[in-house]
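Trainee: can't give you the sequence, but here's the structure:
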């Protein structure tokens, strides 16, 4: 998976195709927040930032965020299942910008994938922050379209950027 991720492919899916094993079905009950996510989001809110989520998620995103105790920290949530469009389709970013009543130059996309997060946000004129985590950390910036404005390795580093 890491090998394919280094080639800017979705490593788990490419390895699945190459080696013929079946990826397990995603179990939402096993999802966990990254360490210090509440502290980081609270701090950004206290600094006056509006927070939103653009996610390729199945139905029930708001309910999961509520269960995690962080729904109230978001000003807007755009989930692919509810919108009928997913990242990397630019329309999901435009929906989020409309919901936030924000121009692209006033918004920042923070994401862990160059293809799904950074490229479409850059194309729309948003600022971008690449958080190198999960399999996306192994991607390589190969073009100006993939180049984020900032690169960080932990969620806490957002507080140094903002």
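Mentor: Cool, the structure landed. Since this is a predicted model, take the numbers as computed values, not measurements.
Trainee: use CA for all of it now, contacts and neighbours both
Mentor: Noted.
Trainee: Based on its surroundings, how many neighbours for the residue nearest to residue 105 when sequence neighbours are not counted?
Mentor: Nearest residue to residue 105 in three dimensions, chain neighbours excluded: residue 126, at 5.1 Å (CA to CA, 6 or more residues apart in numbering). Here the count is done by other CA atoms under 10 Å, and residue 126 has 21 residues near it.
Trainee: how close does residue 126 sit to residue 93?
Mentor: Between residue 126 and residue 93 the distance is 10 Å, computed by CA to CA, to the nearest Å.
Trainee: same thing with residue 137?
Mentor: 22 Å.
Trainee: Settle it for me: which of these two has more neighbours?
Mentor: Between residue 137 and residue 93, counting by other CA under 10 Å, residue 93 is the more crowded of the two (25 against 19).
Trainee: Contacts only, for that one.
Mentor: Neighbouring residues of residue 93 by CA atoms under 8 Å, 6 or more residues apart in numbering: 54, 87, 120, 121.
Trainee: Show me the two of those residues that sit farthest apart.
Mentor: Farthest-apart pair in these is 54 and 120; separation 11.9 Å (CA to CA).
Trainee: who's more crowded, those two?
Mentor: Counting neighbours by other CA under 10 Å for residue 54 and for residue 120 shows that residue 120 has the greater number, 23 against 20.
Trainee: what helix or strand is that one on?
Mentor: Under the criterion of DSSP states H and E, residue 120 resides in helix 119-124.
Trainee: go on, residue 22?
Mentor: Assigned by DSSP H and E, residue 22 belongs to no helix or strand.
Trainee: Helix, strand, or coil at the nearest residue to it once chain neighbours are set aside?
Mentor: Excluding its sequence neighbours, the residue lying closest to residue 22 (CA to CA, 6+ apart) is residue 16, at 6.1 Å. Using DSSP: H, G, I helix; E, B strand; the rest coil, the secondary structure recorded for residue 16 is helix.
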